[in-house]
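In: Provided below are the primary sequence and the corresponding predicted coordinates.
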Amino acid sequence: MVIKAGLIINPDAGKDIRRLVSSASYLSNFTKVELGKRVVMGLDAGGVDEVLIMHDNYGLGEDVFTTLSKRVSASLKLVETRGTGTALDTIVAAKKMKEDGVKAIVVVGGDGTLRAVFKGCGGDVPMVCVAAGTNNVTGAFYDATLVGYAAGLVATGKVLNDCLIKAKSLEVLLNGKSVDTAVIDVAVLKTPYIGARAIVDVDYLAYAVFSKGEPTDIGLASILGFLRPTSFESDLGYLVEFGEGGLKVRSVVMPGEFREVSIKSFRPVSIGEVVEIPQDRYTVALDGERELEVTKDDVVGVKLLRNGPLLINVCRVLRSVSVMGG
Amino acid sequence: MLPPEKLLDMYYKMVLIRAFEDKVHELFAQGKIPGFVHLYAGEEAVAVGVISNLKKGDYITSTHRGHGHCIAMGVDIKGMMAELFGRKTGTCKGKGGSMHIADFEVGMLGANGIVGAGGPLAVGAALALKYKGTDNVVVCFAGDGAQNQGAILESLNLAAIWKLPVIFVVEDNQYAISLRSLTPSKLQPRTSTARSVAERAVGFGIPSVTVDGQDVLAVYEAAKAAVERARRGEGPSLLDCKTYRYYGHFEGDPMVYRSVEEIEEWRKRDPILLFKQRLIRDGIATEELLEDIRRRAVKEVEDAVEFAERSPYPEPSEAYTDVFTDPYY
């Protein structure tokens, strides 16, 4: 049986407006190619027979493909997309990879990229993200070689399932109909348009539903992290209403940027529960990026689910294959 | 959040640019406009989104495709049209034509027939502003092809080391003349190894962002952040705006390098159409009001054509005036 794994490099990850309003760093495409190469070498070392690489518009995946084709044992194959230059390419690539039977997917990108991969292939294919975005709540801050190696070990079945974390997800409902999904947070903002997408001003926050938030996270998840730390493993999420009259939470909403966020109220949300957001002319942000514009007549609902991405715990995988046992 | 009157003014400027360019396309085909013409239709969200953040005392430098920048900056369109017709009443007395319109009164330092030549002008103007101690800024518009010109690279370097208030706006309309700025394969020619011009700025220590150049509010937000940091003295930045031109590189270009389907695909995300839908949806304007605004723009362009056609050509004796600074010439 041919063991396959996927590699998706997002050329647009880590390039948004937060470079102008915070100390967010810019990860060049050249660096992403090098990260991709390390991932492939790691997958190869982990025993993967074939690596499927997304053929992106910028040719980053193609660079990895042409450079390593004769240097690794695994065979490499490019996966074509629609070439839209949007998240749709990632979604299509992840879907094709799943259909082609990959046992793991490594993503070079941020939380937005991981969300797109999850939308494409669902929660059954183990995945891991090499942190290359802005906030990287789901990203692994390990060398890409080791991330690839861990994913390779998972793909070849050399490690146990306890090396995987089943994350939660947040289904977004518009007038009762499912329209999108997020992994970490769904925020509702008092801004009428999507604009430059990333959330840069917390004063516009009206509500947010979180599936996860740790004090070690950057971005909106930092708010929950410093309010009520919640892991992916926990069966609870949280609904937070922003505004004066309650707690103040010091959070890191962008790299280098501390903000005192006013919390009017908050409460836990159970798996399966649908939270309805009071109506107004809002923008809905998924995992930190404004994606949907809604009118006063629309009813926005958010449902917490257990069917999120199957995330690879890199440290746990690598410890489990240590010579004397982890 | 932007007030409704500001949003409607932005819409008006976008439709005025489109009406102007569509009319010039028509007039050029009729042989009424001499010289070369490069049209901006399709890229309106970039000029309007960026320039809507500027104030009195700010400057812009432009390109060979400069009509949109001129209109967004407030250059009188009667003078512009007369300039295209080579008439005495033109913005530059009919001697510059499409590629050399300049109007210092409104901060427009000039369209430019030389690709990338606006960079050094922008840096020079920004150095002057910094020297004077104002909080004014300079916007340097340039295309994706221009990013491979030495003048632009030198400008990025000087702006960075002198921490000048310049916003480099890259209008990546997908083509450097006929060569794609981006292709999914190395087997096809590309114009740059950097793949994204935003990458270039990083090499000079200049923060850069990639923006949806079809969404005027996305451009506005990113430009606002860039302009504010420049006004605070935090130095230059670069906006990489992904957009598309509907007409050829120049009028008369047979466009064999791209398909009709590709153009139609981009037209589905037409910047004016997207903005119009948003304004109606958000209750800022009705369909009727926006149609009135469009009609007003078309009428203004027709008036400009009439003005240009009635205007005289410059006298032969004027051939040597406003050309050289040395009186001996």
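Out: Alright, I've got the coordinates.
In: can we go C-alpha only for contacts and neighbour counts from here?
Out: Fine.
In: surely residue B:49 is within a strand?
Out: No. Counting by DSSP: H, G, I helix; E, B strand; the rest coil, residue B:49 is not part of a strand but helix.
In: now do the contacts for it.
Out: Residue B:49 sits next to B:10, B:216-220, B:223 when contact means CA atoms under 8 Å, 6 or more residues apart in numbering or on different chains.
In: out of these, which one sits closest to chain A?
Out: Set against chain A, the nearest of the contacts of residue B:49 by CA to the nearest CA is residue B:218 (3.7 Å).
In: now do the SS call for the closest residue to that closest one other than its chain neighbours.
Out: Distance criterion CA to CA, 6 or more residues apart in numbering or on different chains; nearest residue to residue B:218, sequence neighbours excluded, is residue A:195 at 3.7 Å. Of the three states, residue A:195 takes coil under three-state DSSP.
In: could you measure from residue A:195 over to residue A:256?
Out: Per CA to CA, to the nearest Å, residue A:195 is found 23 Å from residue A:256.
In: higher neighbour count, these two?
Out: Taking neighbours as other CA atoms under 10 Å in any protein chain shown, residue A:195 and residue A:256 compare with residue A:195 leading, 20 against 11.
In: next, residue B:120: phi, psi?
Out: The phi/psi pair for residue B:120 (degrees, to the nearest 10) reads phi -60, psi -30.
In: surely it is in contact with residue B:153?
Out: No. Applying CA atoms under 8 Å, one finds residue B:120 not in contact with residue B:153, separated by 9.6 Å.
In: low-confidence ranges, chain A, go.
Out: Within chain A, the stretches with pLDDT under 70 are A:281, A:325-326.
In: how about the residues of it by chain B?
Out: Residues of chain A lying close to chain B by CA under 8 Å from any CA of the partner chain are A:12, A:15-17, A:19-21, A:26, A:28-29, A:55-59, A:62, A:83, A:191-197, A:295.
In: of the residues you listed, just the buried ones, PyMOL syntax please.
Out: Buried members of those, defined by 16 or more other CA atoms under 10 Å in any protein chain shown, are picked up in PyMOL with:
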select buried, chain A and resi 12+15+16+17+19+20+21+26+28+29+55+56+57+58+59+62+83+191+192+193+194+195+196+197+295
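In: just the helices in the stretch 151-300 of chain A please.
Out: Using DSSP state H, counting those that start in this stretch, the helices assigned to the stretch 151-300 of chain A run over residues A:221-227.
In: looking at chain B, which helix or strand is least sure?
Out: One helix or strand of chain B scores below all others by mean pLDDT, DSSP states H and E: strand B:179-180, with a mean of 78.
In: so how far is residue B:147 from residue B:51?
Out: Residue B:51 is 21 Å from residue B:147, by CA to CA.
In: C-terminal to the least confident helix or strand of chain B, what's the next element?
Out: Once the chain leaves strand B:179-180, the next helix or strand it forms, by DSSP states H and E, is helix B:197-203.
In: sheet partners, orientation included, of the helix or strand following that next one?
Out: Scanning forward in sequence from helix B:197-203 by DSSP H and E, the next helix or strand is strand B:208-212. Strand B:208-212 sits in its sheet next to strand B:237-242 (parallel), going by DSSP bridges.
In: tell me the mean pLDDT over the strand it pairs with?
Out: Strand B:237-242 shows a mean pLDDT of 95.
In: list of residues touching that strand?
Out: So strand B:237-242 is contacted by A:20, B:46, B:166-174, B:197-198, B:201, B:206-214, B:219, B:222-223, B:226, B:230 (CA under 8 Å, 6+ apart).
In: same thing with stretch A:142-152?
Out: Residues outside stretch A:142-152 that contact it (CA under 8 Å, 6+ apart) are A:5, A:35-36, A:38-48, A:104-106, A:126-128, A:130, A:140, A:312, A:314, A:317-318.
In: hmm, 7 Å instead?
Out: Under the criterion CA atoms under 7 Å, 6 or more residues apart in numbering or on different chains, residues A:35, A:38-48, A:104, A:106, A:130, A:314, A:317-318 lie in contact with stretch A:142-152.
In: ok, the residue nearest to residue B:218 touching residue B:222?
Out: No. Using CA atoms under 7 Å, residue A:195 makes no contact with residue B:222, being 8.5 Å away.
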